[in-house]
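Enquirer: sequence? don't have it. structure:
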């Protein structure tokens, strides 16, 4: 497996209604698709929104860049980016092109390799739904849920941690497992900071430098470590179940807890400056994007927080899903637009445009996806409850036929 390899899918291209370049219909968006009821296959019109015109003075190519680590996100992935939070009125109000299909369920018989309907099956014969990304490969080896994925800076290795008490090291070019590290305890979380990898296990944080091979054990936590984050040259660990998610942004540390709250901490004084209590269940993940804080919960909501004039955070928008939410991760698409990936406890990941929260696709798994990580060149990774890790890539150009 070459993680930088380009991939395409001609079937997806046809489903988008591919036409000759001189066909005027190619530049029109299907209004039946927008309403979620297009049944034509292939459809002669576009099943996607047309990109906005390039900014004045641009050469038209600036929007065709790949994913960037300078995404304005901080959390499971993306660079930390400080700044003051501010209110916005566009959340959930820009666009309404939610993807709707008659079937959004993976065929159980296809999973077992014995569906007799083939292409005529009304259920999905795919682990994803959407045209803006594709599956490159899958990495098998873990025996239990994958709880952390790390891609250290300057390394050609991918690291995955699991409740099977191991960290596996994968070669990014061949996709082969290069080694298995036995930790003697379940991996509750794993992050990377430049060449360093930090792994949370019961009562300790394991750390090693992928460039110098320095190996450290950081004692102090009591119980399983479920969340880790680096900020202001400090490593923060959430443990003993209470704190299950951490993120740093705008010179603040945000901690999501089992008690349904989010606490806001001053990074200089390490004092709690605000407690947010609008969620009604466990706050599973917190993420900073630009001037906003995003949080998701088992209460089936994602909340967007912005600062008032007093500096305190308040909810500016609430997005509701049909299922409890587990993990948030952010990235930019090939046009530089922000995309939110959120895993749900129905064994799926939603890909949502920001700030509209319009759905652009879904990823499915046999069990819950607990780990999501992004990489360079449009790559992102998912790890599920079966121990399987999948490698995905943003599709920046339509596939072409011979």
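Expert: Perfect, thanks for sending it. Note that the coordinates shown come from a computational prediction; the quantities given were computed from them, not determined experimentally.

Enquirer: so where is the stretch 1-150 of the chain shaky, pLDDT-wise?
Expert: Applying pLDDT under 70 to the stretch 1-150 of the chain flags residues 1-72, 75-89, 93-103.

Enquirer: surely residue 377 forms part of a helix?
Expert: Yes. Under DSSP: H, G, I helix; E, B strand; the rest coil, residue 377 falls within a helix.

Enquirer: that one: how many residues sit nearby?
Expert: Per other Cβ atoms under 10 Å, the neighbour tally for residue 377 reads 14. Every residue, glycine included, has its C-beta placed from N, CA and C.

Enquirer: okay, and the beta partners of residue 304?
Expert: Here residue 304 sits in beta bridges with residue 294, residue 317, going by DSSP bridges.

Enquirer: my guess is residue 356 meets residue 317, correct?
Expert: No. In this structure, residue 356 is not within contact of residue 317 by Cβ atoms under 8 Å, at 10.4 Å.

Enquirer: where do the contact lists of these two overlap?
Expert: residue 92 (Cβ atoms under 8 Å, 6 or more residues apart in numbering).

Enquirer: which residues touch the closest residue to residue 165 other than its chain neighbours?
Expert: Using Cβ to Cβ, 6 or more residues apart in numbering and skipping the chain neighbours, the partner closest in space to residue 165 is residue 183 (5.4 Å). Residues in contact with residue 183 (Cβ under 8 Å, 6+ apart) are 165, 166, 167, 199, 201, 206.

Enquirer: quick one: end-to-end length of stretch 336-356, please.
Expert: 15 Å (Cα to Cα, to the nearest Å).

Enquirer: quick check: buried residues in that stretch?
Expert: Residues of stretch 336-356 classed as buried: 338-345, 347-356 (neighbour count, 16 or more other Cβ atoms under 10 Å).

Enquirer: filter the residues you listed down to the ones in strands?
Expert: 338-344, 348-353 (DSSP state E).

Enquirer: backbone phi and psi for residue 110, please?
Expert: Per-residue torsions, residue 110: phi -60, psi -40 (degrees, to the nearest 10).

Enquirer: show me the contacts for it.
Expert: Here residue 110 is in contact with 121, 123, 124, 125 (criterion: Cβ under 8 Å, 6+ apart).

Enquirer: the second one is in contact with residue 104, isn't it?
Expert: Meaning residue 123. No. Checked against Cβ under 8 Å, the pair residue 123 and residue 104 is beyond contact range at 9.1 Å.

Enquirer: compare the two and say which is more crowded by neighbours.
Expert: residue 123 (17 against 13).

Enquirer: who's in contact with the residue lying closest to that one once chain neighbours are set aside?
Expert: Distance criterion Cβ to Cβ, 6+ apart; nearest residue to residue 123, sequence neighbours excluded, is residue 107 at 3.6 Å. Taking Cβ under 8 Å, 6+ apart, we find residue 107 in contact with 115, 121, 123, 124, 125.

Enquirer: and if we set it to 6 Å?
Expert: 115, 121, 123, 125 (Cβ atoms under 6 Å, 6 or more residues apart in numbering).

Enquirer: who wins for most neighbours among these?
Expert: Neighbour max across these (other Cβ under 10 Å) = residue 123, 17 neighbours.

Enquirer: over to that residue: give its phi and psi.
Expert: phi -100, psi 160.

Enquirer: coming back round to it: turn the contacts of residue 183 into TSV, including neighbour count, distance to residue 391 and secondary structure.
Expert: Shown next, in TSV, are the contacts of residue 183 (neighbours: other Cβ atoms under 10 Å; distance: Cβ to Cβ, whole Å; DSSP: H, G, I helix; E, B strand; the rest coil):
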residue	neighbour count	distance to residue 391	secondary structure
165	17	23	coil
166	21	19	strand
167	24	17	strand
199	26	21	strand
201	22	25	strand
206	21	24	strand
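
Enquirer: could I get those residues in a markdown table, plus columns for pLDDT and distance to residue 286?
Expert: Formatted as a markdown table, the contacts of residue 183 follow (pLDDT from 0 to 100; distance: Cβ to Cβ, whole Å):
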| residue | pLDDT | distance to residue 286 |
| --- | --- | --- |
| 165 | 98 | 27 |
| 166 | 98 | 27 |
| 167 | 97 | 24 |
| 199 | 98 | 20 |
| 201 | 97 | 22 |
| 206 | 97 | 23 |
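
Enquirer: residue 312: which of those residues is nearest?
Expert: residue 199 (34.8 Å; Cβ to Cβ).

Enquirer: show me what contacts that closest one?
Expert: 161, 187, 190, 206.

Enquirer: correct me if wrong: residue 247 contacts residue 253.
Expert: No. Contact criterion Cβ atoms under 6 Å: residue 247 and residue 253 do not qualify, at 7.7 Å.

Enquirer: so these two - more neighbours on which side?
Expert: residue 247 (27 against 21).

Enquirer: residue contacts, residue 393?
Expert: 7, 134, 136, 378, 379.

Enquirer: nearest to residue 238, of the residues you listed?
Expert: Nearest member of those to residue 238, counting by Cβ to Cβ, is residue 379, at 27.2 Å.

Enquirer: residue 302 contacts residue 319, doesn't it?
Expert: Yes. Under the criterion of Cβ under 6 Å, residue 302 is in contact with residue 319, at a separation of 4.4 Å.

Enquirer: per-domain residue ranges of this structure.
Expert: 1-51, 108-394 (automatic domain parsing).

Enquirer: where's residue 279 relative to residue 91, distance?
Expert: According to Cβ to Cβ, to the nearest Å, residue 279 stands 17 Å off from residue 91.

Enquirer: more crowded one of those two?
Expert: More neighbours surround residue 279 than the other of residue 279 and residue 91, with 23 against 19 (other Cβ under 10 Å).

Enquirer: which residue packs closest to the more buried one, ignoring adjacent ones?
Expert: Nearest residue to residue 279, sequence neighbours excluded (Cβ to Cβ, 6+ apart): residue 297, at 4.3 Å.

Enquirer: picking up where we left off before, got JSON lines for the contacts of residue 107, with secondary structure too?
Expert: JSON lines is the format used below for the contacts of residue 107 (three-state DSSP):
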{"residue": "115", "secondary structure": "coil"}
{"residue": "121", "secondary structure": "coil"}
{"residue": "123", "secondary structure": "coil"}
{"residue": "125", "secondary structure": "coil"}
